[in-house]
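K.L.:
Compute the structure for the input listed below.
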Amino acid sequence: MTHLRNGTWVLVADGEKALFLVNQTDGENPFLDVMRREEQENPPNREQAANERGRFSDGPSGHRSAVEDTDWHQLAKDRFAKDMADILYKEAHAGNFDHIVLVADPGTLGELRAELHQVVTEKVIGEVPKTLTNHPIDEIEKIVAKDLQVT
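P.N.:
Sure, this is the predicted structure:
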């Protein structure tokens, strides 16, 4: 069972927004303070695509097949996860935190996990696979504390 300690960082992220929080108390009654906010503008894919879907010839039959278009929206989300991993690496390398909890939707959490440097990975004490970026801080405190006690 993992508890939030005083000074533990909590990253709450999705593919477009992130909150960097630090616990100012203990795990029994956490008080998360916002240290930093990151946000990227990521319009829907239909607004980012420049052209119609491509087509290619299947050969002499004259039949043409559609080509899957690039999902620019998903690429931006993946890039945002990489940017958050880079920020965490710089902060960990500077010695600014000893423990961190990652809170993100499962897709973002997986992408973030894949991008984390070993220096950060060694400091991860828990993960919460939930989307909490639009929740008030007091709800985030309760959910994270409860989920960490369960694991």
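
K.L.:
if we look at stretch 139-151, which residues are touching it?
P.N.:
1-4, 10, 12, 19, 21, 27-28, 30-32, 101, 103, 125-126, 128, 130, 132, 135 (Cβ atoms under 8 Å, 6 or more residues apart in numbering). Where C-beta positions appear, they are placed from N, C-alpha and C, glycine not excepted.

K.L.:
avg pLDDT for the helix or strand containing Ile143?
P.N.:
Here Ile143 sits within helix 137-150, counting by DSSP states H and E. The pLDDT scores in helix 137-150 average 90.

K.L.:
So what's the gap between that helix and the chain middle?
P.N.:
Relative to its chain's centre, helix 137-150 lies at 17 Å (Cα atoms, centre = their mean, to the nearest Å).

K.L.:
In CSV, could you pull the C-alpha coordinates for it?
P.N.:
Extracted C-alpha coordinates of helix 137-150, given in CSV (Å, rounded to 0.1, in the frame of the first residue of the first chain):
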residue,chain,number,x,y,z
ILE,A,137,-8.3,19.8,-6.6
ASP,A,138,-10.1,18.6,-3.5
GLU,A,139,-11.7,15.8,-5.5
ILE,A,140,-8.4,14.9,-7.0
GLU,A,141,-6.9,14.7,-3.5
LYS,A,142,-9.6,12.3,-2.3
ILE,A,143,-9.5,10.1,-5.4
VAL,A,144,-5.7,9.8,-5.5
ALA,A,145,-5.4,9.1,-1.8
LYS,A,146,-8.2,6.4,-2.0
ASP,A,147,-6.8,4.7,-5.1
LEU,A,148,-3.3,4.6,-3.7
GLN,A,149,-4.5,2.9,-0.6
VAL,A,150,-6.2,0.2,-2.6
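
K.L.:
re the thing from before, mind giving me the ChimeraX select for the contacts of stretch 139-151, buried ones only?
P.N.:
Of the contacts of stretch 139-151, the buried ones can be selected in ChimeraX as follows, counting by 16 or more other Cβ atoms under 10 Å:
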select :2,3,4,10,12,19,21,27,30,32,101,103,125,126,128,130,132,135
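
K.L.:
Against Lys82, how distant is Met35?
P.N.:
Distance check for Met35 against Lys82: by Cβ to Cβ, to the nearest Å, it reads 20 Å.

K.L.:
What residues does the closest residue to Leu109 other than its chain neighbours make contact with?
P.N.:
Nearest residue to Leu109, sequence neighbours excluded (Cβ to Cβ, 6 or more residues apart in numbering): Pro129, at 5.4 Å. By Cβ under 8 Å, 6+ apart, Pro129 lies in contact with Ala104, Asp105, Pro106, Leu109.
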